[in-house]
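**Q** Here is a sequence with its predicted model. Questions after.
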Amino acid sequence: MGKLFGTDGVRGIANKDLTPELAYKIGRAGAYILAREKKGKIVVGKDTRLSGDMLEAALTAGICSMGLDVISVGIMPTPAVAYLTRKYEALAGVVISASHNPGEYNGIKFFDSKGFKLPDEVEEEIEDIILNNKELNLFPTGENIGRVIVENNGREDYINYLISIIDLDLTGVKIAMDCGHGALYKIGPEIIKRLGGQLIVINTEPTGMNINDNCGSTNPEMIQELVIKEKAHIGLSFDGDGDRIIAVDELGNIVDGDHILAICGTYLKENGRLKNNTIVGTIMTNMGLDLYLQEKGINIVKTKVGDRYILEEMIKNDYVLGGEQSGHIIFLDYNTTGDGLATGLYLLKVMKETGKPMSQLNKLMTDFPQVLVNARVKNELKNKYKENKEIIEKIKEVENLFQGQGRVVIRPSGTEPLVRVMIEAKEDIGLLEIASDLARFIEERIGTDT
């Protein structure tokens, strides 16, 4: 992994880690690398963060200084930018967003002309130019300077696309929605209304700083309470850039990404549309999903954490469904990245067509008890656990406790100075205490971030 690009683009506190100067350089370097073989336009969208305007101006200046035009689509969810990049036949797409992170953060991530996130090697080329201060001797003048094209129809184009791919009538369905003051705050409610659903929606008043603030998919308690209070049939909760979803059934129970894969995977298989009879998950996928899919005769393959790795596996082996427990779900027949709103609509489609309440669908799989504890370490040391013999022995010792009925997953965070300790077992034998002890052990052996 590079020093700028993490698992989901460049990310940091806006105007401190991610400065306008850096955004400008990313714009120039990105345009240079992506336009080597042909010229074209680049679609730029953003979420509702206050710093989005500042970073968009700098990034756009960098792109235009290389002679490429920018199609500015304004506030737009990540999956919409991926779709619009294809629709507008652009050379690339860029999203200015820090996804589920707090309002003071922001990020920059690229899509290629087909709407796919850039491969690691392409990001590394962009990074190499910036970090090594390589001179890009390209300074077009006059009519060759890029311009900004403001596209006001992006939102409508995306809404029409979603309606076209999911044939759905929501008459008589009551839906609770939490937009998290994020990029879906207008599109989400609008599409439900057009499909005839009855909507109760919260967190649609972004201030620039309240994105994900105790709301949205990372804080599902709010949508749980709303579903119960309003007696809704389902709750849909999105993160800041709209690429992930956490749903809630009518009883107020969480429907996370693993359960969504169980529900949608079963539906696709029963309708002869689960290509190669396989679903793609990650190393964090709950073992309960493995067991359920095995019973249904469906295969599951696992990747590293990160929707980009899920996508790579799906493309490589021609699979159509994959996702993460956190709510990144990819329907490759429809889009090239996680799409929270499309996933929510698909859940509604399954509910309508099967005639089953979401609580019944939510019980298809049974979760194994699972806990996640973070070990806080210095950022530059978060991969050192792999080299520490004491830590390796301690992990083996913990795994032996479960006698083949559990597992330990250790992984460094892609965006924060953390080592994540996940422990899962068929029975909860004090998993939180075991995970906490192991996290402390890791901190003591490789150094805390204090």
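**A** Thanks, I have the structure now.
**Q** So what are the sheet partners of the worst-scoring helix or strand of the chain on mean pLDDT and their directions?
**A** Ranking every helix and strand in the chain by mean pLDDT, DSSP states H and E puts strand 5-6 at the bottom, with a mean of 82. If you go by DSSP bridges, strand 5-6 pairs up with strand 9-13 (antiparallel).
**Q** Can you tell me what sits against the partner strand?
**A** With contact meaning Cβ atoms under 8 Å, 6 or more residues apart in numbering, strand 9-13 is reached by 4, 17-18, 22, 26, 95, 98, 101, 104-110, 415. Yep, even glycine has a C-beta here, placed from its N, CA and C like the rest.
**Q** Tell me the first helix or strand C-terminal of that strand.
**A** helix 20-34 (DSSP states H and E).
**Q** quick one, that following helix and strand 9-13 angle?
**A** Relative orientation of helix 20-34 versus strand 9-13 (axes from the mean of the first three to the mean of the last three Cα atoms, to 10 degrees): 180 degrees.
**Q** Identify all contacting residues around helix 20-34.
**A** Against helix 20-34 from outside (Cβ under 8 Å, 6+ apart): 4, 10, 42, 54-55, 57-63, 65-68, 91-92, 94, 108, 110, 112, 122, 125-127, 129-130, 136, 138.
**Q** circling back to that earlier point, now the buried members of the contacts of strand 9-13.
**A** 4, 18, 22, 26, 95, 98, 101, 105-110, 415 (16 or more other Cβ atoms under 10 Å).
**Q** Let's have these in TSV, adding secondary structure.
**A** As requested, the buried ones among the contacts of strand 9-13 are exported to TSV (DSSP: H, G, I helix; E, B strand; the rest coil):
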residue	secondary structure
Leu4	coil
Leu18	strand
Leu22	helix
Ile26	helix
Val95	strand
Ala98	coil
Asn101	coil
Tyr105	strand
Asn106	strand
Gly107	strand
Ile108	strand
Lys109	strand
Phe110	strand
Thr415	coil
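**Q** remind me which residues of the stretch 351-450 of the chain are low pLDDT?
**A** 415, 448-450 (pLDDT under 70).
**Q** can you do 50?
**A** Across the stretch 351-450 of the chain, nothing is flagged by pLDDT under 50.
**Q** For it, just list every one of the helices.
**A** 358-362, 389-400, 431-446 (DSSP state H, counting those that start in this stretch).
**Q** Off-centre distance for the helix or strand where Ser237 lies?
**A** Secondary structure from DSSP H and E places Ser237 in strand 234-238. From the chain centre to the centre of strand 234-238 is a distance of 15 Å (Cα atoms, centre = their mean, to the nearest Å).
**Q** Contacts for it, please.
**A** For strand 234-238, contacts defined as Cβ under 8 Å, 6+ apart pick out 173, 175-180, 182, 184, 188, 216-217, 220, 222-224, 226-227, 244-250, 340-341, 344, 347-348, 351, 358.
**Q** Using a markdown table, lay out the buried ones among the contacts of strand 9-13 together with distance to Ile279.
**A** Formatted as a markdown table, these follow (distance: Cβ to Cβ, whole Å):
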| residue | distance to Ile279 |
| --- | --- |
| Leu4 | 32 |
| Leu18 | 35 |
| Leu22 | 38 |
| Ile26 | 34 |
| Val95 | 26 |
| Ala98 | 28 |
| Asn101 | 28 |
| Tyr105 | 31 |
| Asn106 | 33 |
| Gly107 | 28 |
| Ile108 | 31 |
| Lys109 | 25 |
| Phe110 | 27 |
| Thr415 | 26 |
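**Q** Lowest pLDDT pick from the residues you listed?
**A** On pLDDT alone, Thr415 ranks lowest of the buried ones among the contacts of strand 9-13, at 69.
**Q** ok, back up a step: quick check, nearest of the contacts of strand 9-13 to Met209?
**A** Glu104 (7.4 Å; Cβ to Cβ).
**Q** doesn't Gly208 make contact with that closest one?
**A** No - using Cβ atoms under 8 Å as the test, Glu104 is too far from Gly208 to be in contact (10.4 Å).
**Q** thinking Asp112 is in contact with Leu118, fair?
**A** Yes - using Cβ under 8 Å, Asp112 makes contact with Leu118 at a distance of 6.0 Å.
**Q** Burial check on Ile315, number of neighbours?
**A** 12 (other Cβ atoms under 10 Å).
**Q** switch to numbering from 496
**A** All right, first residue 496 from here; so that's Ile810.
**Q** Now do the helix or strand hosting it, average pLDDT.
**A** Assigned by DSSP H and E, Ile810 belongs to helix 802-812. Computed over helix 802-812, the mean pLDDT rounds to 93.
**Q** For it, C-alpha coordinates in CSV please.
**A** The C-alpha coordinates for helix 802-812 follow below in CSV (Å, rounded to 0.1, in the frame of the first residue of the first chain):
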residue,chain,number,x,y,z
ASP,A,802,-14.7,-3.5,-1.7
ARG,A,803,-11.9,-3.0,-4.3
TYR,A,804,-10.6,-6.5,-3.6
ILE,A,805,-14.1,-8.0,-3.7
LEU,A,806,-14.6,-6.3,-7.1
GLU,A,807,-11.3,-7.7,-8.4
GLU,A,808,-12.4,-11.2,-7.5
MET,A,809,-15.8,-10.7,-9.1
ILE,A,810,-14.4,-9.5,-12.3
LYS,A,811,-11.6,-12.1,-12.4
ASN,A,812,-14.0,-15.1,-12.0
